[in-house]
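# Here is a sequence together with a model predicted from it:
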Amino acid sequence: MFRCGVSYPRCRWILPLLLLFAIIFDIIAIAAQSGWVEDENAKTHYASMWRQCRGRNDQWECKSLMDLPWAQAVAALMIIGLIILILAFVISFVALCCTLNIPLLPVVGCLLILAVIIQIIALIIYPVKFNEQIYEGYYDYTWAYGFGWGATILMLGCGILFYCLPHYEDELAGLAKTKYIYTSA
């Protein structure tokens, strides 16, 4: 017989693990030295959150973007979002993995939604201002920028789940009987 159901106690470990992946993605996006924006095949121009480089072959001239107010705002918002994400991870780990502390779960959800809003603002400001002030042709937003969006999407999903979990307190504690979605005879 085959049965398929949801094992809620596993959520106690999976959600903090997803937040850990979001932290890793955010660190990759913030620390990347290239990979936010590049022209076609990065032949003459590429940029990260911190700097932009122009040149050809092995002769690149790099200039800091931190002289521009919008780039400072993007960096500050991304770092603040990461700090809030780390705080949410620590609280979620305490609430789910050490002890089952259900009242902390909506707090984690609020922190994650706040971090999502902050990072979405940063991830929208960057391409808008880049295109306004630096744009010189066709550009691709590449892997590091994608990691920023990946972290933000993970945070959004986890934030929603952290809001929903208090409704499943008995299931999380392992006190409720497993409800099977599908059972074959």
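On my side now, so go ahead.
# Excluding its own residues, what touches the helix or strand hosting residue 83? List them.
Assigning secondary structure by DSSP states H and E places residue 83 in helix 69-93. Among residues not part of helix 69-93, those counted as contacts by CB atoms under 8 Å, 6 or more residues apart in numbering are 15-16, 19-20, 22-23, 26-27, 29-30, 49-50, 65-66, 104-105, 107-108, 111-112, 114-116, 118-119, 121-122, 125-126, 129, 133, 148, 151-152, 155, 162. Every residue, glycine included, has its C-beta placed from N, CA and C.
# Give me the average confidence score over that helix.
The average of the pLDDT scores along helix 69-93 is 95.
# List the buried residues for whatever helix or strand comes next after it?
Downstream of helix 69-93, the first helix or strand assigned by DSSP H and E is helix 105-133. Within helix 105-133, the residues that qualify as buried are 105, 107-109, 111-120, 122-123, 126-127, 129-130, counting by 16 or more other CB atoms under 10 Å.
# same deal with stretch 18-38?
Taking 16+ other CB under 10 Å as the criterion, stretch 18-38 shows 18-20, 22-23, 25-26, 28-30, 32, 34-38 as buried.
# quick one: low-confidence parts of the protein?
Counting by pLDDT under 70, the chain contains low-confidence ranges at 1-11, 41-42, 135, 168-185.
# switch to 90 and redo it
Judged by pLDDT under 90, the chain has its weakly predicted residues at 1-16, 32-65, 93-105, 126-145, 161-185.
# Just the terminal-to-terminal distance for stretch 27-35.
Using CA to CA, to the nearest Å, the end-to-end distance of stretch 27-35 comes to 13 Å.
# how far out from the middle of the chain is it?
Averaged C-alpha coordinates place stretch 27-35 at 13 Å from its chain's average position (CA atoms, centre = their mean, to the nearest Å).
# who's in contact with it?
36, 42, 46-51, 53, 75, 78-79, 82, 142-145, 147-148, 151.
# Need the residue closest to the centroid of the chain.
Using CA atoms, centre = their mean, the residue of the chain that lies closest to the mean C-alpha position is residue 151, 1.6 Å off.
# Please identify which helix or strand holds that one.
Assigned by DSSP H and E, residue 151 belongs to helix 143-164.
# Quick check: buried residues in that helix?
Of the residues in helix 143-164, those with enough neighbours to count as buried (16+ other CB under 10 Å) are 144-145, 147-148, 150-152, 154-156, 158-159, 161-163.
# Brilliant, that's me finished.
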